[in-house]
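Visitor: My questions are about this predicted structure, shown below with the sequence.
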Amino acid sequence: MAPVTPLVELARTAALTRPPTTVLPPTDSTPSFLITSANKSYKHQYANIYFIRLRILREIVEEKAHKRWHGIKGDPILVPKVLEVEKSQLCYVVGTVYMDMPLKPNVMEDIARDNSIPPPPPLSKFYSPDDSVMLEDESGRLQLVGARVTDARLVTGVIIAALGMETAAGEFEVVDICFAGMPPQPQHNVEEEKMDVDADPQADSWIAVVSGLDIGSPAAADTQTQMLVEYLTGEEGGPKQQISAAQISRLIIAGDSLAPVLLTSTKSEDLDEKEGRKGRKYGYDATSFSVHPTLSLSAHLLDIACTMPIHLLPGETDPSGVILPQQPFPRAMFGAVSSYGSFSCETNPTYLRIAPGAESDTSNEVARTLLINSGQPVNDMFKYLASPPNSPLSLLESTLRWRHMAPTAPDTLWCHPYFSADPFLLSQTPDLYIVGGQRRFGTKMVVEQDNDGKAGKAQKRCRIVLVPRFADTGLLVLLNLRTLDVKCVKFGIKGMSAGSSEDGVQAEPPKDPAPPE
């Protein structure tokens, strides 16, 4: 008879319960992305977003640049406007990056094009060797050149300080670039980690994140999805898997839950007008549209909501508005699960402040801040850059140092025309920065130390995580709220594209990549 392991013995003798967690109200640093009647107007110009972005970040970038370049050879000075730069004078200027890219979509060209000519298919990349980098502010634009610009990871909308001098040709030769840096972060979370070195790992609370279920796709991984539901509800696997699942306190679904609706054209031209209208009801053709994907998703959500809270974000392929921030799904579309208080429909992007413990005994001092989006900002920015050497993970890290999660909005990423705010600015460094809708899994602990003379007291840390599409990879990502550790669970059936080479559930502890030089 095989010996009984301590893990199996624990599962036999102890009732498995999920550790409770509570979502705390938002703060000024973690605002809501709901579009209310106060900011729902569409009559404003998008230029307001750029003006506000530059106004808020200019002072921060100027201060950072002064600390970085103060006292260097040449004693550079700050020039307040880009058009006030003088030739052969070492200086630095602050402005908004604009990428002049021949392959980037141009709305004026689209309007001028002959309507009889079908538009070309969308490009997977805007990048080309003919791209130009501009720096602009209220006064005008200045072209940036030099090896430092070529090597930098820049996209439209980033606020930077550029050090260099103007050449005889009127271009600005850049020798160094400075960003705003990571925003401030409450230090109690870092101190809490140092104090909890002796904490019991079995009592840790984990957050599960999945993206890209793609329910309703012709090649949907229905078997893997069912395995995922059974794992989360504790109905699958042996004692080891059940103990692991029991530590999961919440599930976050980061977009692309439903496959895009593809309405197949019916041959109504072969029918008379009366017959052609027979199948239509409520504005769509019932013969080519099915509600089955929504019903399937609702059933899965109901099974999971009986055991843990769920946070559902819309994504690019979901039946939601295309502009960011995407607003929450109507709860009623998911049937019975909408009556559960544990089921929450969130905006995309969204902040979640999660604290361990029940609502009666939680404390703001131990809350973790999560920033989550469904991947549209990173996917859009990735079109601006050559790959390799750039990757979605390095780009996500850059958004922290830019203090902006979606700088290409509203240029090539559709967003709401805000008048008095830019909601995508980062005013606080989150503990966990999660992006769904990716091709591959990736994670890294991003650390930055302030150079303000307070060494050891101003360290900022953020775990960035790329969550791959579940329909393609079969991966579920688990995040430890106490230690910020990450592990993956892969669901697969031999011979299926989204699964592994072996049947069953597999755990994969990821490794952080080496820090950049």
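Guide: Received it, and whenever you're ready, just let me know what you need.

Visitor: Could you list the low-pLDDT ranges of this structure?
Guide: In the predicted model of the chain, residues 1-15, 107-120, 187-201, 219-220, 262-289, 360-365, 450-458, 495-517 satisfy pLDDT under 70.

Visitor: Doesn't Y351 lie inside a strand?
Guide: Yes - secondary structure assignment places Y351 in a strand (DSSP: H, G, I helix; E, B strand; the rest coil).

Visitor: okay, now it: neighbour count?
Guide: Y351 has 19 neighbours, counted by other CB atoms under 10 Å. Where you see a C-beta, it was placed from the backbone N, CA and C, and this is true even at glycine.

Visitor: show me the contacts for it.
Guide: Applying CB atoms under 8 Å, 6 or more residues apart in numbering, we find Y351 in contact with P26, T30, P31, S32, F33, T369, L370, L371, I372, P430.

Visitor: same thing with T412?
Guide: Contact analysis of T412 by CB under 8 Å, 6+ apart lists K104, P105, F126, T156, D380, K383.

Visitor: I figured the last one hits S128, correct?
Guide: Read it as K383. No - using CB atoms under 8 Å, K383 is not in contact with S128; the gap is 11.1 Å.

Visitor: Now restrict the contacts of Y351 to buried residues only.
Guide: Neighbour-count burial (16 or more other CB atoms under 10 Å) applied to the contacts of Y351 gives T30, F33, T369, L370, L371, I372, P430.

Visitor: These in strands, which ones?
Guide: Members of the buried ones among the contacts of Y351 lying in strands (criterion: DSSP state E): T369, L370, L371, I372.

Visitor: Strands of the stretch 1-150 of the chain, start to end?
Guide: 21-24, 77-78, 91-100, 132-136, 141-145 (DSSP state E, counting those that start in this stretch).

Visitor: how about TSV for the ones you listed, with mean neighbour count and distance to V486 added?
Guide: Output for these, formatted as TSV (neighbours: other CB atoms under 10 Å; distance: least, CB to CB, whole Å):
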stretch	mean neighbour count	distance to V486
strand 21-24	18	17
strand 77-78	12	41
strand 91-100	22	32
strand 132-136	19	35
strand 141-145	20	37
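
Visitor: would you list every one of the helices in the stretch 301-450 of the chain?
Guide: All helices of the stretch 301-450 of the chain, identified by DSSP state H, counting those that start in this stretch, fall at 376-382, 392-402.

Visitor: list the contacts for N373?
Guide: Contacts of N373 (CB under 8 Å, 6+ apart): A254, G255, L313, N348, P349, T350, M405, I434, V435, G436.

Visitor: and the last one, how many residues sit next to it?
Guide: G436 has 30 neighbouring residues, counting by other CB under 10 Å.

Visitor: now do the fifth one
Guide: As a burial measure, P349 scores 24 neighbours (other CB under 10 Å).

Visitor: same deal with the third one?
Guide: By other CB under 10 Å, 28 other residues sit near L313.

Visitor: thinking again about what came up before, with distance to A180 as extra columns, can I get the ones in strands among the buried ones among the contacts of Y351 in CSV?
Guide: Formatted as CSV, these follow (distance: CB to CB, whole Å):
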residue, distance to A180
T369, 19
L370, 22
L371, 16
I372, 22
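
Visitor: Narrow the contacts of T412 to just the buried residues.
Guide: By 16+ other CB under 10 Å, the contacts of T412 give K104, F126, T156, D380, K383 as buried.

Visitor: can I see the domain layout of this protein?
Guide: 6-30+183-265+273-508, 47-112+125-178 (automatic domain parsing).

Visitor: Which strand or helix spans I464?
Guide: For I464, the host element (DSSP states H and E) is strand 459-468.

Visitor: Pull out the buried residues from that strand.
Guide: Under 16+ other CB under 10 Å, the buried positions of strand 459-468 are K460, R461, C462, R463, I464, V465, L466, V467, P468.

Visitor: Among those, which pair sits farthest apart?
Guide: Spanning the widest gap among the buried residues of strand 459-468 are K460 and P468, at 26.5 Å by CB to CB.

Visitor: picking up where we left off before, considering the contacts of T412, which is situated nearest to M445?
Guide: D380 (25.1 Å).

Visitor: was I right about that closest one contacting T408?
Guide: Yes - judged on CB under 8 Å, D380 makes contact with T408 at a distance of 5.1 Å.

Visitor: Out of the strands of the stretch 1-150 of the chain, flag the one nearest V322.
Guide: Taking the strands of the stretch 1-150 of the chain one by one with CB to CB, strand 91-100 is closest: 22.1 Å.

Visitor: Output the contacting helices and strands for the closest one.
Guide: Strand 91-100 is packed against helix 47-69, strand 77-78, strand 132-136, strand 141-145, strand 159-166, with contacts defined by 3 or more CB pairs under 8 Å, 6 or more residues apart in numbering; DSSP states H and E.

Visitor: Distance from the chain centre to it, please.
Guide: Relative to its parent chain, strand 91-100 has a centroid offset of 25 Å by CA atoms, centre = their mean, to the nearest Å.

Visitor: cool, stretch 421-431 as well?
Guide: 12 Å.

Visitor: and it, how far apart are its ends?
Guide: Across stretch 421-431, the terminal residues are separated by 24 Å (CA to CA, to the nearest Å).

Visitor: So for that stretch, what gets flagged as buried?
Guide: Buried, per 16+ other CB under 10 Å, within stretch 421-431: D422, P423, F424, L425, L426, Q428, T429, P430, D431.

Visitor: Kindly reformat those as CSV and extend each row with distance to Q143.
Guide: As requested, those are exported to CSV (distance: CB to CB, whole Å):
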residue, distance to Q143
D422, 25
P423, 30
F424, 26
L425, 26
L426, 28
Q428, 34
T429, 33
P430, 35
D431, 39
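
Visitor: Report the two of the residues you listed separated the most.
Guide: Maximum pairwise distance in the buried residues of stretch 421-431, criterion CB to CB, is 22.5 Å, between D422 and D431.

Visitor: ok, how many other residues are close to S205?
Guide: Residues contacting S205 under the criterion other CB under 10 Å number 21.

Visitor: quick revisit: columns distance to L413 on top of the buried ones among the contacts of Y351, output as a markdown table?
Guide: A markdown table is the format used below for the buried ones among the contacts of Y351 (distance: CB to CB, whole Å):
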| residue | distance to L413 |
| --- | --- |
| T30 | 22 |
| F33 | 15 |
| T369 | 24 |
| L370 | 22 |
| L371 | 17 |
| I372 | 17 |
| P430 | 20 |
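
Visitor: Thank you, goodbye.
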